[in-house]
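Asker: Build me a model:
(2 chains)
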Amino acid sequence: MSPPRSALVRNLFGAVTLIGAAGSAGVYFSVGRERFWVNWLVWTLFLLTLGLGNLFLVALERLVGAHWSVPMRRVPERIASLIPLAVVLLLVAFFGVPVIFPWTYPEAAHNPILVAKAPWLNLPFFAIRLAVCATVWMLFYAFYVRGSLRQDESKDPAFTVRARRLAPPFMVVLSFSLTILAFDWISGLEPEWYSDMFGVYLFAGSLIAGIAAMVLGVLSLKGRGRLPEVQTKHIYNLGSLGLAFTVFFAYIGFAQYMLIWYANLPEEVIWFKHRIEGAWQPVALALPLLHFFIPFFLLIGSVGKKHPAPLRLAAISILLGHFVDLYWLIFPTLGPKPLFGWPELAMACFFLGLGSLQIRRAMGHGADMPVGDPLLAQGLEWQL
Amino acid sequence: MSSATFAVLGLFSDAHKIVDAANQIRPRKLGRLEAYTPYPVHGLDRAIGLAPSRLGRLVMFMGVIGACLALLFEGWVSAVDYPLVTGGKALFSWQAFVPVMFEVTVLFATFTAGLAMLFAFNKLPFFGHPVLHSQAIKGITRDKLALSIEASSAAFDAEAARQALIDNGAESVEIVPVPAWDRPLSLVGLLRTIAGIVAACVVAGAGLFAAEKLIPIVPPMIHMHNQPKLNAFHESAFFVDGRGMRPAVAGTVARGHLPPAFATPEEAGTLLSNPLPLTQSIAERGRRVFNDHCAICHGLVGNGVPLLSHAYGGKPGNFLSNEIRARPDGHYFGVLMLGKNAMPSYAADLDHDDRWAAVHYIRILQRAQNAKDEDLR
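Answerer: Now for the predicted structure:
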């Protein structure tokens, strides 16, 4: 890859980001603050869940002691570099909390449900939870990603042992913090609504979106000849993991829907009614199509897990589905019709440009494979 | 003993060597390659030229069939055959069907995978394999890996196969003959097997039946025989009086059999009035009751002329007479309950509403014979 082309691509991303930033400012001042913050939230959560999903994949490999994914591990580690970016964006989103969260409105004092939930839904505690979650994510990100980069130089096997020991607590902390993220930042938009499973739903969505991003990263690097030793067998296993989590997400999503549909309690079912009937119906139908049916039938056979084309298509479908998912969760608070116009496109340009720049920057750091990991040789030799 | 060759077996100790040997021998097309190993060897399936399994496609197909069948069945049961609204949901609620569809999909897929693998792809039933009678089998089940070149055609050259195996690093080579008994499954054998299974079933069933009838030591399936309950009209040691069926509490009244609150028809006349409204259907009911029970003595128009022969000496009351017409409704009801003169009580034959309907009909008969001017308009 020649440097001029690389610089050109970087400048292109930069230009898209700048145009997006200008458009976003236009949204804030001319279209409305509410729409601005809702867009901000969707895209911040998109980047954050991709980063956390990939950090989960890194920790999952450590937890189960997998060998096959070691040669590819640099990819999720680099995508996890979205975490610091998204954490900053989420901290900025705190300024939007009084604009889009009904429990902060003065009327909330007269709503008995919100009064009962006030011990949890109040600004100081909300800020504390945000600070704790952000700190925890940053600490684990630094531990896993920076530590792995340092191991390239030091070749210290002790880090591999420490990373494995810290993986179980990280899993627990991540599931708790993702649940808090889901409750605070998504279901808090309609604070009367309540679903036990919502945390797991966002967790499952983050994992499969993280895997999809990792698939795209691995295929992209391999296509440029930067991961020559990663073979079909490695990619096949990654595809299998993608298939498993596609089903897991569909299972969680349908279980949440079916339980609420069956119980038919007014305060629960109204949330789905707003999102499934009327103008939102096409979005509600696109969600399972993009997030489950297309990737499932692409990945169910061994062909789809091995070859780049179907695998890439499945990953793109899942990432699109992940955006549609967040859009479908968050945007109905703005009204009974799906809003999608130039404000959404401008803000998408801004956030996707930022994210792409961040991942590109990370892709240039360190070796393309964790050369200091003592398990790398076994990972390369590993047979399906 | 047939001298035909089934296969030539070469034994290896190293998994890498057997894969390499298979890769070398396969292009020479000496015969069909097969491998026997005590544990799975990566890459060996490709090395011996095994085509990708078709099991996956079959499983997928049957899984889809299972999902469709479950959807059709549930939809037909809930919306067509026995439409029953549950929880205010639509009759065809796909949401409720999905869990069962999922289960049936998994059921069909796993059964297809298991059965197709055993019977279609592994060619069971297969009562013994020639390699089981080779010298090498002990090594194969312990720590040796065997590569076999099977005699797939008449042009099979056992000597060339042996040489190829030795050249590619086989530690020892064995020629496995086709065993004399190794014949394909014959019709007679199949029939014998089926007959044996049937005979075993018959003997076992008859034996169990006879054992239960003749030697009833342990009756099978006694779970539902001995229930902690009392049957009607059976005695029980649980109650002091020894009766399993409890007598009704004093003062209990059977439904629709309220005892009369009067002692004579005259008293009933002062106490009761007809509770039924006079409608077309009640009048019809009264006519039916009257014609069935009253008309035989009192006559079809209630004039006291019996439908019986004159040999019957009784003198039934004439409802059309001024004396009987003047009596209140309750009096008629009281007579039906208690009887009068030669007339028995009809308390057991007619229920409460039947009696009052009959009273209405008697009033209609009386009015029909004593119509006023305005009735005729």
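Asker: Those residues of the stretch 251-384 of chain A touching chain B, which are they?
Answerer: Within the stretch 251-384 of chain A, the positions lying close to chain B (C-beta under 8 Å from any C-beta of the partner chain) are A:Phe254, A:Tyr257, A:Met258, A:Trp261, A:Tyr262, A:Asn264, A:Ile300, A:Gly301, A:Ser302, A:Gln383, A:Leu384. Every C-beta, even on glycine, is put in place using the N, C-alpha and C of the backbone.
Asker: Type out the PyMOL command that picks the buried ones from the residues you listed.
Answerer: Only the buried entries of those go into this PyMOL selection, using 16 or more other C-beta atoms under 10 Å in any protein chain shown:
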select buried, chain A and resi 254+257+261+300
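Asker: send the alpha carbons of the lengthiest strand in chain B over as PDB?
Answerer: Counting residues, the longest strand found in chain B (DSSP state E) is strand B:5-12. Only the C-alpha atoms of strand B:5-12 are listed here, as PDB (Å, rounded to 0.1, in the frame of the first residue of the first chain):
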ATOM      1  CA  THR B   5      -8.700 -59.500  -1.200                       C
ATOM      2  CA  PHE B   6     -10.800 -57.000   0.600                       C
ATOM      3  CA  ALA B   7      -8.200 -54.500   1.300                       C
ATOM      4  CA  VAL B   8      -4.500 -53.900   1.900                       C
ATOM      5  CA  LEU B   9      -3.800 -52.400   5.300                       C
ATOM      6  CA  GLY B  10      -0.700 -50.300   6.100                       C
ATOM      7  CA  LEU B  11       0.100 -49.400   9.700                       C
ATOM      8  CA  PHE B  12       1.600 -46.100  10.800                       C
END
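Asker: need the next SSE after that strand, C-terminal direction.
Answerer: Following strand B:5-12 in sequence order, the next helix or strand is helix B:15-25 (DSSP states H and E).
Asker: continuing past that following helix, what's the next helix or strand?
Answerer: For helix B:15-25, the following helix or strand on the C-terminal side (DSSP H and E) is strand B:32-36.
Asker: helices and strands around that following strand, which ones?
Answerer: helix B:15-25, strand B:145-150 (3 or more C-beta pairs under 8 Å, 6 or more residues apart in numbering or on different chains; DSSP states H and E).
Asker: any chance of these in TSV, plus distance to chain A, mean pLDDT and mean neighbour count?
Answerer: Shown next, in TSV, are the helices and strands packed on strand B:32-36 (distance: least, C-beta to the nearest C-beta, whole Å; pLDDT from 0 to 100; neighbours: other C-beta atoms under 10 Å in any protein chain shown):
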stretch	distance to chain A	mean pLDDT	mean neighbour count
helix B:15-25	10	91	19
strand B:145-150	16	92	26
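Asker: how about low-confidence regions in chain B?
Answerer: B:1-3, B:126-127, B:181-185, B:216-223, B:256 (pLDDT under 70).
Asker: in it, what residue is nearest chain A?
Answerer: B:His42 (3.6 Å; C-beta to the nearest C-beta).
Asker: Not counting sequence-adjacent ones, nearest residue to that residue?
Answerer: Excluding the flanking residues, the one nearest B:His42 by C-beta to C-beta, 6 or more residues apart in numbering or on different chains is A:Gln383, at 3.6 Å.
Asker: does the one you found count as helix, strand or coil?
Answerer: coil (DSSP: H, G, I helix; E, B strand; the rest coil).
Asker: farthest-separated two in the residues of the stretch 251-384 of chain A next to chain B?
Answerer: Spatially, the most separated pair among those is A:Asn264 and A:Gln383, at 51.9 Å (C-beta to C-beta).
Asker: about what we covered before: and the residue of chain B closest to chain A, how far is that from B:Gly169?
Answerer: Separation of B:His42 from B:Gly169 (C-beta to C-beta, to the nearest Å) stands at 19 Å.
Asker: Which one's more surrounded, these two?
Answerer: Higher neighbour count among B:His42 and B:Gly169: B:Gly169, with 16 against 13, using other C-beta atoms under 10 Å in any protein chain shown.
Asker: hmm, back to that, could you double-check that the residue nearest to B:His42 sits in contact with B:Val41?
Answerer: No - judged on C-beta atoms under 8 Å, A:Gln383 makes no contact with B:Val41 at a distance of 9.3 Å.
Asker: Using just helix, strand and coil, how would you label the residue of the stretch 1-150 of chain A found nearest chain B?
Answerer: Nearest to chain B in the stretch 1-150 of chain A, going by C-beta to the nearest C-beta, is A:Trp68, at a distance of 12.4 Å. At A:Trp68 the chain is in coil, as set by three-state DSSP.
Asker: Verify the stated contact: it with A:Ile235.
Answerer: No - judged on C-beta under 8 Å, A:Trp68 makes no contact with A:Ile235 at a distance of 10.0 Å.
Asker: show me what contacts the closest residue to A:His322 other than its chain neighbours?
Answerer: Distances taken as C-beta to C-beta, 6+ apart place A:Ala209 nearest to A:His322, at 3.9 Å, with adjacent residues excluded. Neighbour list for A:Ala209: A:Thr49, A:Leu50, A:Gly53, A:Ile318, A:Leu319, A:His322 [criterion: C-beta atoms under 8 Å, 6 or more residues apart in numbering or on different chains].
Asker: Include neighbour count, secondary structure and pLDDT when you put those residues into a markdown table, please.
Answerer: What follows is those, written out as a markdown table (neighbours: other C-beta atoms under 10 Å in any protein chain shown; DSSP: H, G, I helix; E, B strand; the rest coil; pLDDT from 0 to 100):
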| residue | neighbour count | secondary structure | pLDDT |
| --- | --- | --- | --- |
| A:Thr49 | 28 | helix | 96 |
| A:Leu50 | 26 | helix | 96 |
| A:Gly53 | 29 | helix | 96 |
| A:Ile318 | 30 | helix | 97 |
| A:Leu319 | 20 | helix | 97 |
| A:His322 | 26 | helix | 97 |
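Asker: center of chain B - which residue?
Answerer: Among the residues of chain B, the one closest to the centroid is B:Val77, at 13.9 Å (C-alpha atoms, centre = their mean).
Asker: In three-state terms, label it for me.
Answerer: From three-state DSSP, the assignment for B:Val77 is helix.
Asker: Roughly how far does it sit from B:Thr86?
Answerer: B:Val77 is 12 Å from B:Thr86, by C-beta to C-beta.
Asker: hmm, back to that, and the residue of chain B closest to chain A, helix, strand or coil?
Answerer: Per three-state DSSP, B:His42 ends up coil.
Asker: Next, give phi and psi for it.
Answerer: phi -60, psi 130 (degrees, to the nearest 10).
Asker: give me every residue that touches residue 152.
Answerer: You didn't pick a chain, so chain A it is. Shown in contact with A:Asp152 (C-beta under 8 Å, 6+ apart): A:Gly366, A:Ala367, A:Pro370, A:Val371, A:Gly372.
Asker: please go with chain B instead
Answerer: For B:Ser152, the contact set (C-beta under 8 Å, 6+ apart) comprises B:Gly31, B:Arg32.
Asker: Can you say which of the contacts of A:Asp152 are buried?
Answerer: Among the contacts of A:Asp152, those classed as buried by 16+ other C-beta under 10 Å are A:Gly366, A:Pro370, A:Gly372.
Asker: Am I right that the second one is in contact with A:Met72?
Answerer: The one in question is A:Pro370. No - counting by C-beta under 8 Å, A:Pro370 stays clear of A:Met72, with 9.4 Å between them.
Asker: Spatially nearest residue to B:Asp354, not counting backbone neighbours?
Answerer: Nearest residue to B:Asp354 in three dimensions, chain neighbours excluded: B:Val289, at 4.9 Å (C-beta to C-beta, 6+ apart).
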